[in-house]
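# model the following, please.
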Amino acid sequence: MNIAELLDQNPDPEGIALVDRSKDPVERLTVAQIQNQVKVFAAALVDRGLAPGSRVGMLASNLSEYYVVMFGAPAAGMVFVPLNTRLPTATLQYIVQDADLKLLITDPGHAGVLSDVPAITTGSQEWAQLMAGAPVENLAEVDPSEVAIQIYTSGSTGRPKGVLLSHENVTFTVLEYGATLPGEVMVVSAPLYHKNASMGSKLAFASGGTVVLLPQFSARGYLEAIDEEQVTMCGGVPTMYALVTAELNESQRSYDLSSVQRVLIGSAPMTEALFDDVQALFPDAFVTNGYGTTEAVLEFGPHPDGLPRPKITLGYQHPKVELKLVDPENGAESNHGELWVRSKGVMNGYHDLPAVNADKLTDGWYHTGDLMSRDDDGWYFFVGRVDDMFVCAGENIYPDSVEQMLEQHPAVHQAVVVPVADELKGQLPAAFVRIESGAQMSVEELKQFALENGPAYAHPRHIWFVEEIPLASTAKVDRAGLVERATELLLTQGHST
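Numbering: from 1, shown residues only. Got it, this is the predicted structure:
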């Protein structure tokens, strides 16, 4: 099926499907209104002479028109290309050329950023004219393997790569996951150029639910949306929930969060301490640790024997997905190793990168780059990124494991561990730590805690207390930025503070 048909899953065409809180006043759109706008946009693309398979980009903050382009381009048999608004102009220009964009839609705040591609700005007269036509009568007929979305990775280790997602990749994931959901009222605050937010939106639409869209994440705006819109499902990354917890502790206002019944934490590792914080925020909600990559989303589900779910497990192997753990060094399979995935949800590959495809795809198996362990009951647990692991005096250190240990201290709200260079031991662990509001702690106290609760070689040799943990453009922790900051601090201070 065409991914635009996901909008047809809602049984109530006149029900509110989207609450756009980026607009003033707040805009509320029904299923039928969104479907009509999508079909009008699809017709306009065809009328402009764009051929099937043409790439149509979107450079904008969160707003309702994002969904018009997200679904409208595939509805016309074309390919949607979301662009990360936080990337430098030179990188955006590279994506425009790499994808061979035929048209770019922007919001007013990003109009004129890119001049080497035909562009239309939402809210402009040209946009109004574009959306004034008649809708297509029928969505484009597509082969399941045809590309529907070309989404670029963040490019933290080089130029971003275009991930090719087919109609089948997306619809398989959404329908298999969404089939287990009732009609949720889901708050979406992460940027829609990120797969976490776009897939969450599709899940809500396809389950007959409502998307409550925020222009961007802020702890206060997130809480206000839950309170005022009676949100039933929240999705976000660990750092977002840490900020929400801090806002509640410091705010003079009370919020009604009792409507929340389901909380999905994803896109970054989670600790038991954060799990407990989130569960305390939403005591009546079912809190789960989600997992997915840009290249493949659906991997895990509940245990087939109904076993209780451990706090930070990612889940049990989904029945329609193949998984295996492979030793990155020797290729042997075991209960500890890099996660490989094979399913209908795995990407077609990377755009025009045959060497990378050969390295990351083997007989349909996608090598995720994530190290995991599997216990005797079949539950999977995140260990760390293959690329994040570093070696200290011959010992492998996985930052996530050290972070979980540090966050067991009652005064620690959040910790991020990164490597710093050392002439004697190669690399040493260093930690940026945000302490709980009102708590007091010394560097030496936390170092001693680490020595008492983990292997000595893994304890952070340098610790810096910070007000906030910085996020990258994908709303994940900016580890690369923290590595640079740690190096600078050691050069200027020479010690922990």
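
# was I right to think residue 405 contacts residue 451?
No - using C-beta atoms under 8 Å, residue 405 makes no contact with residue 451, being 10.5 Å away. Yep, even glycine has a C-beta here, placed from its N, CA and C like the rest.

# those two: which has the busier surroundings?
Neighbours were counted for residue 405 and for residue 451 using other C-beta atoms under 10 Å; residue 405 has more, 22 against 12.

# phi first, then psi, for the more buried one.
Per-residue torsions, residue 405: phi -60, psi -50 (degrees, to the nearest 10).

# so what's it closest to, chain neighbours aside?
residue 454 (4.6 Å; C-beta to C-beta, 6 or more residues apart in numbering).

# please point out which parts of the longest helix seen in the chain sit buried.
For the chain, the helix with the greatest residue count under DSSP state H is helix 31-47. Across helix 31-47, burial judged by 16 or more other C-beta atoms under 10 Å covers 31, 33-46.

# same question, stretch 323-333
323, 325, 326.

# can you flag which of those belong to strands?
Assigned to strands by DSSP state E, the following of the buried residues of stretch 323-333 qualify: 323, 325, 326.

# in three-state terms, label residue 280 for me.
When classified by DSSP: H, G, I helix; E, B strand; the rest coil, residue 280 comes out as helix.

# from residue 273, how far off is it?
Residue 280 is 11 Å from residue 273, where distance means C-beta to C-beta, to the nearest Å.

# more neighbours, those two?
residue 273 (23 against 11).

# and the more buried one, which helix or strand is it part of?
helix 272-281 (DSSP states H and E).

# any residues touching the lowest-mean-pLDDT helix or strand in the chain, and which ones?
Ranked by mean pLDDT, DSSP states H and E, the weakest helix or strand in the chain is strand 395-397, scoring a mean of 81. The contact list for strand 395-397 (C-beta atoms under 8 Å, 6 or more residues apart in numbering) reads 389, 390, 391, 417, 419, 427, 429, 455, 457, 458.

# looking at the residues you listed, which has the most residues close by?
residue 417 (28 neighbours).

# before we move on, which element is that one in?
Assigned by DSSP H and E, residue 417 falls in strand 412-422.

# ok, that strand: who's next to it in the sheet?
Paired strands of strand 412-422, with direction, are strand 426-435 (antiparallel) (DSSP bridges).

# okay, helices next: where are they in the stretch 251-400 of the chain?
272-281, 354-360, 399-406 (DSSP state H, counting those that start in this stretch).

# phi, psi for the residue nearest to the spatial centre of the chain please.
Central residue of the chain (C-alpha atoms, centre = their mean): residue 196, 3.3 Å from the mean position. Per-residue torsions, residue 196: phi -60, psi -50 (degrees, to the nearest 10).

# one step back: contact partners of the longest helix of the chain?
By C-beta under 8 Å, 6+ apart, the surrounding residues in contact with helix 31-47 are 4, 7-8, 10, 12-15, 17-18, 54, 56, 64, 67-69, 71-73, 75-76, 78, 103, 130-136, 139-140.
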